[in-house]
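Asker: Provide a 3D model corresponding to the input given below.
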Amino acid sequence: MNINIDHLDADELMALNQRIIERLKMLESLHAHKSMMQFHPGARVSFDSPQGERVIATVMKFNRKTVTVVTDSGQRWNVSPHLLSAIKDAGQSPVIDGRLEND
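Answerer: The predicted structure is shown next:
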């Protein structure tokens, strides 16, 4: 694709820039939504923490760009959905309604 912007003045370039930003945000939102559709509340997932440790958690809710998950120890994380992996046959989660069963 070849788009010639050499003839645009400053106002037109600013307007074009704004439209590009809006389009990129919309595409990012669609990508996040598509990634979220792989999961459901209560699903067991895993992801790598910023420290490089594997974290296993339960999906609690969906946010605009992230998924809120809770670990078995009660830690809450907001994680980008594309970083999550489903855990197959994970068994029953001790997390119920955002609380651990023994809370």
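Asker: ranges for the strands of the chain?
Answerer: When assigned using DSSP state E, the strands of the chain occupy the ranges 44-48, 54-62, 67-71, 76-79, 85-86, 95-96, 99-100.
Asker: Let me have these in JSON lines, adding distance to I21 and mean pLDDT as columns.
Answerer: Bear in mind the C-beta positions are built from the backbone N, C-alpha and C, glycine included. As requested, the strands of the chain are exported to JSON lines (distance: least, CB to CB, whole Å; pLDDT from 0 to 100):
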{"stretch": "strand 44-48", "distance to I21": "28", "mean pLDDT": "96"}
{"stretch": "strand 54-62", "distance to I21": "24", "mean pLDDT": "95"}
{"stretch": "strand 67-71", "distance to I21": "24", "mean pLDDT": "95"}
{"stretch": "strand 76-79", "distance to I21": "23", "mean pLDDT": "96"}
{"stretch": "strand 85-86", "distance to I21": "31", "mean pLDDT": "92"}
{"stretch": "strand 95-96", "distance to I21": "38", "mean pLDDT": "51"}
{"stretch": "strand 99-100", "distance to I21": "40", "mean pLDDT": "50"}
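Asker: Quick one: closest of the ones you listed to L30.
Answerer: Nearest to L30, of all these, is strand 54-62, at 14.1 Å by CB to CB.
Asker: in that closest one, what's buried?
Answerer: Residues of strand 54-62 classed as buried: 55, 57-60, 62 (neighbour count, 16 or more other CB atoms under 10 Å).
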